[in-house]
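Asks: Here you go, sequence then predicted model.
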Amino acid sequence: MRAKKTWLWWSSGKDSAWSLHLLQNDPRYDVTRLVTTVTDQFQRVAMHAVRVELLRRQAAAAGLDLLISEIPYPCPNERYARAVQEILAEARRDGVECMAFGDLFLEDIRAYREGLLEGTEFEPVFPLWSRDTRELADEMLAGGLVAYVTCIDPKVLPAGFAGRRYDARFIEDLPAGVDPCGENGEFHTFVYEGPMFAGPIPVQPGEREERDGFVFGDVVAVSE
């Protein structure tokens, strides 16, 4: 069976990282590139607020090319759709067959992604779709995934959750009703170690900052 050339939409967080791990072990797919949208003003991943330098380190640790698409902040839907079409044009030139995403259970997000691919030759792939999120969180942690929480929604979580390690204690401390994988936007993460990487990425937590209605826990690279 020939593996299908696949690009993975990469947020820098645990769900896309675990999707990469699963795809790396699935003979049906050959992931050759990570795709990330970055705000041009801040040079960080939207919502996750992860620095471009750390994105590059993740891609290097995974042994993959990285395609960065810069978008404005805020980004109108039509501008984002145009960015996606530019990415798909590049993928078409590269002979890509599948586009993979780390979504878990939000039907509207999946429908939106599938709509962007409708009428194209690209097959949408969702490696984590419909997984029980507590079981998935336990699986990721048991499998060696290590991450920092880079953004939290203070409407549902205290500010002190930003900057913490994503681990069993973090999950146990979550208030009732908060998804253990943060799929409803409660929090976002940056993965710096796991089976999808050749080795750990040396980083440390930085300063905590509140802006635009969210609390961010910065992550900074450590010189090797």
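Replies: Alright, I've got the coordinates.
Asks: burial of the closest residue in space to residue 80 that isn't next to it in sequence, as a residue count?
Replies: In space, and not counting its chain neighbours, residue 80 is closest to residue 71: 6.1 Å by C-beta to C-beta, 6 or more residues apart in numbering. Any C-beta I mention is one placed from the backbone N, CA and C, and that applies to glycine too. Counted by other C-beta atoms under 10 Å, the residues lying close to residue 71 total 18.
Asks: List of residues touching the helix-or-strand element of the chain with minimal mean pLDDT?
Replies: The weakest-scoring helix or strand in the chain, judged by mean pLDDT, DSSP states H and E, is strand 44-45 (a mean of 90). Contacts with strand 44-45, where a contact means C-beta atoms under 8 Å, 6 or more residues apart in numbering, come from 11, 12, 36, 37, 38, 39, 50, 51, 52, 55.
Asks: try stretch 134-147
Replies: 13-14, 17-18, 21, 104, 128, 165-168, 171, 180-181, 189-195, 200.
Asks: Need the mean per-residue confidence for that stretch.
Replies: Averaged across stretch 134-147, the pLDDT comes to 98.
Asks: Could you do stretch 4-16 as well?
Replies: Averaging pLDDT along stretch 4-16 yields 97.
Asks: how distant is the longest helix seen in the chain from the center of its chain?
Replies: The helix that spans the most residues within the chain, counting by DSSP state H, is helix 77-93. From the chain centre to the centre of helix 77-93 is a distance of 18 Å (C-alpha atoms, centre = their mean, to the nearest Å).
Asks: elements contacting it?
Replies: Using 3 or more C-beta pairs under 8 Å, 6 or more residues apart in numbering; DSSP states H and E, the elements in contact with helix 77-93 are strand 29-39, strand 65-71, helix 107-117.
Asks: any idea which helix or strand comes after the helix or strand harbouring residue 141?
Replies: Per DSSP states H and E, residue 141 falls inside helix 133-142. Counting by DSSP H and E, the next helix or strand C-terminal to helix 133-142 is strand 146-152.
Asks: Keeping just the C-alphas, turn that next one into CSV.
Replies: What follows is strand 146-152, C-alpha atoms only, in CSV (Å, rounded to 0.1, in the frame of the first residue of the first chain):
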residue,chain,number,x,y,z
VAL,A,146,5.2,17.3,27.5
ALA,A,147,3.8,20.8,27.1
TYR,A,148,3.3,24.2,28.6
VAL,A,149,0.0,25.9,28.7
THR,A,150,0.4,29.1,26.7
CYS,A,151,-3.0,30.6,26.7
ILE,A,152,-6.1,30.4,28.9
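Asks: can you list the residues that contact the very next helix or strand once past that strand?
Replies: Next along the chain after strand 146-152, taking DSSP H and E as the criterion, comes strand 165-166. Outside strand 165-166, the residues that touch it by C-beta under 8 Å, 6+ apart are 14, 141, 145, 146, 147, 148, 149, 189.
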